[in-house]
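Novice: I would like the atomic coordinates for the input below:
(chains A and B)
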Number of protein chains: 2
Amino acid sequence: MANTNSTDTDDFNFFHDLSPPDSYETKKDKLNQFANTHVLLRNRIVLVTSGGTTVPLESRTVRFIDNFSIGTRGATSAEYFLKQGYAVIFLHRQRSLLPFYQRVEKNILDILIFSDEDENDIKVSRTHAKKLAPFLKDYQTFKDTGMLCMVEFTTLSDYLYLLRAACEAISVCGNKGMIYLAAAVSDFYIPKGLMPEHKIQSSDGALQLSLEMTPKMLKPLVKDWVPKAFIISFKLETNHEILIEKAKKALATYKHQMVIANLLDTRKKEVYIVTKETEERVQLTEEELAAGREIEQPIIDKLVAYHTDLLLS
Amino acid sequence: MANTNSTDTDDFNFFHDLSPPDSYETKKDKLNQFANTHVLLRNRIVLVTSGGTTVPLESRTVRFIDNFSIGTRGATSAEYFLKQGYAVIFLHRQRSLLPFYQRVEKNILDILIFSDEDENDIKVSRTHAKKLAPFLKDYQTFKDTGMLCMVEFTTLSDYLYLLRAACEAISVCGNKGMIYLAAAVSDFYIPKGLMPEHKIQSSDGALQLSLEMTPKMLKPLVKDWVPKAFIISFKLETNHEILIEKAKKALATYKHQMVIANLLDTRKKEVYIVTKETEERVQLTEEELAAGREIEQPIIDKLVAYHTDLLLS
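Specialist: Got it, this is the predicted structure:
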C-alpha cells in the first residue's frame, strides 16, 4: 500500500519472516468465537498476557534465550478480573502458572490420600481440601459459565502472532475491551536467516551471538489492531532511577493509556500506575503481605474503576 | 598444590568465580546423610540429573539462556531405577518434571470434584483415580522407605556445585554408585566479571553476547569426585551423522563407561548405548509406543544388568 509507513512495513516483514504457531487457524477461531460471544452478552473483555517468551538460538531448537517469569502476575490478575465480571482471554506461556490452578500445592501427590475402603478412591487430605475448596469452586464456576479462554504460546513468534489475533478478536468489543500486557516479552531475537539449523557445536570455541531488537509491537497494537481498547503495558526494571522516566517515555511513544511500572525485587509489594498525567504508587504493607493479601487485587480494582470512567466519559 | 594440573586449576578457578547455591550446606548435609544411610543398608545408589540449566545474562537476572528440557528422561528413568531397588538422588531443575508427580494430569483442577455431602470433601474423579492409583501407591512406598532424595537447581552454577556435592556423597558407596547424567547442561556461560549488573537496555540497539565454554566437569567427575562409580553421560544432537562419533570421542576423552546418544526428534523411541567397544541400538516399535511403553524401561534394564556385571567382575 502506498501510505504504509516504515514501522508498519517493518512489522509486516517481521511477521513474514516468522512461521505462525501450530494450529494457528484453530486458535484464531477460538479467540474470535470467544470475543463474539461476549460482545453479544455485553460483557467487558480483557486480554491478559502472561509468562516469558523464548527466542530460539537454533532453528531445530535445543537452546533458547528466556525471560524470567513464571507468570504469577498474569495468573493472579486474571483471577481478579474474572471476579470483577470480565471475560478473560489468558494468553500464556506453556507451563507457566494458570489462574486457580496455581493455588494447588505444587506437590499434589503429597496432599492426596487413598480412602480406606476402596483402592480406586483418592481424596485430597482434609487440611488441604479446606484451603483448596474456594479456588476449586471459583474455577468450576468460571469454567462452566465460559468466562475464561486459555491460549498457549512458547516462542516470541508464537506470542506475536497470537497477540495480534487476540487483539483483532477483541477489537469488536470497542471500548469495552482491555489489553493487559503482563507477559515478559524478549526485546531481542535472532532473525531466521542468521540462525544455524543444527545445535551449535561447543567445540567451535567461545560463542558469539548477535541479536536484533524485536520490533515494538505496541505501536501497531495501539494504532491498528485494537485502537478503541483500554491498553495497559508493563515496565519491569532493576534500577529504580530510570523506572518512572521509562514508563512516561513509553506512554509518549505508543500513545496508550497506562503503564504499570515495577522493580524486579519489590514487584510483589509495590507498583506504580503511570498515566500521561499521573503516577500513583500502589503498595502493600508487611502486615497485608503476611495476611496473604495480593497486590494484584488493588491493581485490578483501580484498573476496573479507570475503565468504568473511560466508558462513562 | 604443586601437582595440580591445568584442568584442575581451571575447575578450581571456575568454582571460585561462582557463588554456591542458596542453602548449599544444608543440601550437602542432606546428600551425605542419604548416601551414608544407603551404604549401611548395602543398597545400590544412583544420581540422576535432570532438566536444563540456565545461564544468566545479567547478574540481577531478568534474562537467561536455557536448554530445551522439561525433564521427561530424568523423571521417568528415576522411577525405573527405584523399581529396580536403587536409592535415587534426583538432582533436577526447579519446576521440571518429577518422578511420579509427572503422572498427574496437568490440569489437576479438572480431575477434582466436590463430594455431594460435604463442601470440604474433594475427590479425584473416578476415571482419573483409577489411572493415578498405581503411581500414587509407588510414590507413597518410595517416600515412606526413604529411597528418593530430591534436590533442586536452577542455574548452571547451582548445578555444578550440587553435582560435585552429590558425587562426593556417592563416592562412599564405591562401585555400588552410579551417575546418570541426563540433565541438559549449558556448554556456554558468561563469566561473572563480564556480566552487566542491571537489565540490558534494549534502547542500546542490537545485542552482542559473548559466551565462554563451560569447563568440562566430566573430567574431574570421573577422575576425582567419584572414581569408582559406573558413569553414564548423554549426548543429544540434531544431526545423525555426528552422533556416534561424538559419543565415542567423549568416552575416549573422559574415560567413563558409557554414553547414551540420542537425536532430538527421535529421543523417545530410539537411543544408542555406546561403550568404548560396543554400540547398541535400543528402540521401541510404533505398537509399543502406542501401548504406552517407555524407552526408559529397556534403557534402565540394560544399565542395571551392566552394573551387575561390573560388580561381579
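Novice: Tell me how many other residues surround the closest residue to residue A:83 other than its chain neighbours.
Specialist: Nearest non-adjacent residue to residue A:83, counting by CB to CB, 6 or more residues apart in numbering or on different chains: residue A:138, 7.5 Å away. Heads up, the C-betas are built off the backbone N, CA and C, glycines and all. Burial of residue A:138 is recorded as 17 neighbouring residues (other CB atoms under 10 Å in any protein chain shown).
Novice: what's the average pLDDT for the helix or strand containing residue A:138?
Specialist: Using DSSP states H and E, residue A:138 falls within helix A:126-144. Helix A:126-144 shows an average pLDDT of 92 in the prediction.
Novice: Not counting that helix itself, show me its contacts.
Specialist: The contact list for helix A:126-144 (CB atoms under 8 Å, 6 or more residues apart in numbering or on different chains) reads A:79, A:82-83, A:99-101, A:103-105, A:111, A:123-124, A:148, B:109, B:112, B:114, B:119-122.
Novice: Could you do stretch A:62-71 as well?
Specialist: Contacts of stretch A:62-71 with the rest of the structure, by CB under 8 Å, 6+ apart, involve A:50-57, A:92-93, A:96-98, A:155, A:183-186, A:188, A:199-200, A:211, A:264, B:54, B:57, B:61-68, B:95, B:184, B:186, B:236, B:238, B:264.
Novice: if we can go back for a sec, in strands, which of the contacts of helix A:126-144 fall?
Specialist: Taking DSSP state E as the definition of strands, the contacts of helix A:126-144 contribute A:123-124, A:148, B:112, B:114, B:122.
Novice: To what extent is the nearest residue to residue A:42 once chain neighbours are set aside buried, counted in neighbours?
Specialist: Spatial nearest neighbour of residue A:42, chain neighbours left out: residue A:176 (7.8 Å); criterion: CB to CB, 6+ apart. For residue A:176, the count of nearby residues is 22 (other CB under 10 Å).
Novice: Which neighbouring elements make contact with whichever strand or helix holds residue A:180?
Specialist: Element membership for residue A:180 (DSSP H and E) is strand A:177-181. Contact here means 3 or more CB pairs under 8 Å, 6 or more residues apart in numbering or on different chains; DSSP states H and E; on that basis strand A:177-181 packs against strand A:45-50, helix A:156-170, strand A:230-237, helix A:296-312.
Novice: Can you give the distance from that strand to the centre of its chain?
Specialist: 9 Å (CA atoms, centre = their mean, to the nearest Å).
Novice: near chain B at all, the helix or strand just after that strand?
Specialist: Downstream of strand A:177-181, the first helix or strand assigned by DSSP H and E is strand A:188-189. Yes: contact between strand A:188-189 and chain B is present through residue A:188 (criterion: CB under 8 Å from any CB of the partner chain).
Novice: Check stretch A:104-111 too.
Specialist: Yes: for a cut-off given as CB under 8 Å from any CB, stretch A:104-111 has contacts with chain B, namely A:104, A:107-109.
Novice: Kindly write the PyMOL command that selects the buried subset of those.
Specialist: Paste this into PyMOL to select the buried members of those, with burial taken from 16 or more other CB atoms under 10 Å in any protein chain shown:
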select buried, chain A and resi 104+108+109
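Novice: Now tell me which of the residues of stretch A:104-111 next to chain B the prediction trusts least.
Specialist: Among the residues of stretch A:104-111 next to chain B, residue A:107 has the lowest pLDDT, at 80.
Novice: Surely that residue and residue B:100 touch.
Specialist: No: between residue A:107 and residue B:100 there is no contact under CB atoms under 8 Å: 10.4 Å.
Novice: so what pLDDT did residue A:30 get?
Specialist: pLDDT, residue A:30: 98.
Novice: Identify the residues contacting it.
Specialist: When contacts are taken as CB under 8 Å, 6+ apart, residue A:30 is in contact with A:149, A:151.
Novice: what's the helix or strand for it?
Specialist: Using DSSP H and E, residue A:30 falls within helix A:24-40.
Novice: Residue A:272 pairs with what?
Specialist: On the basis of DSSP bridges, residue A:272 is bridged to residue A:261, residue A:281.
Novice: What's the separation between it and residue A:246?
Specialist: As judged by CB to CB, to the nearest Å, residue A:272 and residue A:246 stand 11 Å apart.
Novice: Burial check on whatever residue of the stretch 51-200 of chain A ends up closest to chain B, number of neighbours?
Specialist: Closest contact between the stretch 51-200 of chain A and chain B, by CB to the nearest CB, is at residue A:187 (3.6 Å). Using other CB under 10 Å, the number of residues around residue A:187 comes to 22.
Novice: what do you get for residue A:24?
Specialist: Per other CB under 10 Å, the neighbour tally for residue A:24 reads 14.
Novice: quick one: it and residue A:161 touch, right?
Specialist: Yes: counting by CB under 8 Å, residue A:24 touches residue A:161, with 6.3 Å between them.
Novice: mind listing what residue A:221 touches?
Specialist: Contact analysis of residue A:221 by CB under 8 Å, 6+ apart lists A:163-164, A:167, A:179, A:231.
Novice: ok, those residues vs residue B:16, which is closest?
Specialist: Ranked by distance to residue B:16 (CB to CB), the contacts of residue A:221 are led by residue A:163 at 44.2 Å.
Novice: Please tell me how far that closest one sits from residue B:258.
Specialist: Using CB to CB, we find residue A:163 at a distance of 46 Å from residue B:258.
Novice: what is the most centrally placed residue in chain A paired to in the beta sheet?
Specialist: For chain A, the residue sitting closest to the mean C-alpha position, by CA atoms, centre = their mean, is residue A:49 at 1.5 Å. Beta bridges link residue A:49 to residue A:91, residue A:181 when assigned by DSSP bridges.
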